[in-house]
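Student: I would like the atomic coordinates for the input below:
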Amino acid sequence: MNIQQLRYVFEVARHGLNVSEAAEALFTSQPGVSKQIRLLEDELGVEIFVRHGKRLIAITEPGQQVLLIAERMLLDVENLRKVGAEFSNEATGGLSIAFTHTQARYALPRVVQAFMARYPNVRLSFHQGNPKQVCEYVLSGAADIAIATEAIAEHEDIVMLPCYQWNRCVIAPQRHPILSEHPLTLEAIARYPLVTYDFAFTGRNRINEAFTGRGLRPNVILTAIDSDVIKTYVAMGLGVGILARMAYDAAVDKDLGMLDAAHLFESSTTRIGVRRNAWLRGYVYAFIEIFAPHLSRRVVELALAGGGEDPGL
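Tutor: Just a heads-up that it's a prediction; the model follows:
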């Protein structure tokens with residue numbers, strides 16, 4: 001038994017039992033992967049995968065347990081590498097961040113700039129996706145940290161750290177009637193076609209809950225995965241937009257008017273997610289603290305260890 005065999009098993013499972021895709025991801029051959037998995041099964045005395053001819057079609061019950069152990073062992077191996085890298089060169093390495101579009105466009109630029117000024121020899125890599133995908137990047141080891149509003153809390157293997165709260169605004173073309181609504185109400189918003197976030201993104205559930213709570217059924221005619229698309233179609237006159245407040249800039253969005261809608265919707269919390277039991281290099285703690293100053297290294301370490309109080313906001 002060796003680590004490479006465990007890595008092959010884990011990658012095959014991660015690629016939906018597609019051995020060809022797993023081999024490609026591992027930069028090796030499909031027959032080589034199949035052979036090593038068979039050798040591991042022979043050594044363990046159990047089958048990890050259910051086969052139909054040459055195809056893998058399911059994971060056996062003992063295979064599920066093997067995969068859980070393999071995942072832990074591979075994480076420990078990666079942690080050992082990070083320990084070595086940390087003490088051989090504390091300011092050199094790589095940091096991979098997974099995030100949603102709104103965070104990348106409006107919250108992260110100043111943080112990245114400050115981080116790179118402090119750690120010029122750290123290579124940054126980014127993964128953008130919806131909140132579920134962002135979490136999967138961390139769970140698979142493709143990213144060190146996740147930054148998102150939804151979905152992180154749904155994963156037991158991700159430690160969740162609150163960063164900041166935000167709310168929403170309503171945008172419309174200049175001189176649109178809704179901009180004269182004072183105070184702004186949900187009933188007034190519901191009179192117009194709406195353009196807002198896709199269901200997987202940026203606190204969409206908060207929007208749905210607010211309207212449902214008042215017995216309203218808004219006419220959502222277009223949903224988008226990022227704020228810039230919403231602003232583009234609102235500017236075209238397609239409808240009224242509901243947007244993260246941080247995404248509106250009066251100096252840039254001159255063709256759009258804005259009304260604050262924080263009194264209409266429950267606020268959302270952006271969080272940083274880190275895989276439980278991960279060993280983080282010093283500059284990862286630094287990045288987290290630049291993004292959310294109340295999340296000091298001690299606070300994060302306590303959270304990873306399962307102790308300490310909720311850092312709050």
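Student: contacts and neighbour counts: CA atoms only from here.
Tutor: Noted.
Student: Where does the prediction get shaky in this protein?
Tutor: Residues of the chain meeting the criterion pLDDT under 70: 79, 82-91, 150-154, 200-203, 307-313.
Student: those strands in the stretch 101-250 of the chain, which residues are they?
Tutor: Here the stretch 101-250 of the chain has its strands, by DSSP state E, counting those that start in this stretch, at 122-128, 145-148, 158-166, 168-173, 194-197, 220-224, 240-244.
Student: just those: most buried one?
Tutor: When these are scored by mean count of other Cα atoms under 10 Å, the highest mean neighbour count falls to strand 145-148 (a mean of 28).
Student: got a list of contacts for that strand?
Tutor: Residues from elsewhere that reach strand 145-148, judged by Cα atoms under 8 Å, 6 or more residues apart in numbering: 96-100, 103, 131, 134-135, 137-138, 202, 270-275.
Student: May I see the ChimeraX selection of the buried members of these?
Tutor: Buried members of the contacts of strand 145-148 can be picked out in ChimeraX with the line below, counting by 16 or more other Cα atoms under 10 Å:
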select :96,97,98,99,100,103,131,134,135,137,138,202,270,271,272,273,274,275
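Student: Take the contacts of strand 145-148 and keep only those in helices.
Tutor: 131, 134-135, 137-138 (DSSP state H).
Student: what about residue 174, how many neighbours?
Tutor: 14 (other Cα atoms under 10 Å).
Student: Is it possible to get the strands of the stretch 101-250 of the chain out as a markdown table so that each row also shows distance to residue 265?
Tutor: Supplementary listing: the strands of the stretch 101-250 of the chain in a markdown table, determined by distance: least, Cα to Cα, whole Å:
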| stretch | distance to residue 265 |
| --- | --- |
| strand 122-128 | 26 |
| strand 145-148 | 18 |
| strand 158-166 | 10 |
| strand 168-173 | 7 |
| strand 194-197 | 14 |
| strand 220-224 | 17 |
| strand 240-244 | 11 |
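Student: Surely residue 10 and residue 65 touch.
Tutor: No: using Cα atoms under 8 Å, residue 10 is not in contact with residue 65, being 11.6 Å away.
Student: which stretch among the strands of the stretch 101-250 of the chain comes nearest residue 109?
Tutor: strand 122-128 (12.3 Å; Cα to Cα).
Student: partners of the closest one in the sheet?
Tutor: Strand 122-128 has the following sheet partners, assigned by DSSP bridges: strand 93-99 (parallel).
Student: Can you name the residues in contact with the partner strand?
Tutor: Contact with strand 93-99 is made by 85, 121-131, 134-135, 137-138, 142-148, 284, as judged by Cα under 8 Å, 6+ apart.
Student: gap between the residue nearest to residue 284 when sequence neighbours are not counted and residue 122?
Tutor: Closest residue to residue 284 apart from its sequence neighbours, by Cα to Cα, 6 or more residues apart in numbering: residue 95 at 7.0 Å. Computed as Cα to Cα, to the nearest Å, the residue 95 to residue 122 distance reads 7 Å.
Student: between the strands of the stretch 101-250 of the chain, which one is nearest to residue 58?
Tutor: Across these, closest to residue 58 is strand 158-166 (Cα to Cα), at 25.8 Å.
Student: angle of that closest one against strand 240-244?
Tutor: 120 degrees (axes from the mean of the first three to the mean of the last three Cα atoms, to 10 degrees).
Student: Leaving out the residues flanking it, which one is nearest to residue 170?
Tutor: Closest residue to residue 170 apart from its sequence neighbours, by Cα to Cα, 6+ apart: residue 242 at 4.7 Å.
Student: do the same with residue 210
Tutor: residue 265 (6.0 Å).
Student: Check the gap between the one you found and residue 243 for me.
Tutor: For residue 265 relative to residue 243 (Cα to Cα), the value is 11 Å.
Student: about what we covered before: you'd agree the residue nearest to residue 170 is up against residue 167?
Tutor: No: the pair residue 242 / residue 167 is not scored as a contact, 10.2 Å apart, by Cα under 8 Å.
Student: which residue packs closest to the residue nearest to the spatial centre of the chain, ignoring adjacent ones?
Tutor: Taking Cα atoms, centre = their mean, the centroid of the chain lies closest to residue 134, which sits 2.6 Å from it. In space, and not counting its chain neighbours, residue 134 is closest to residue 98: 5.2 Å by Cα to Cα, 6+ apart.
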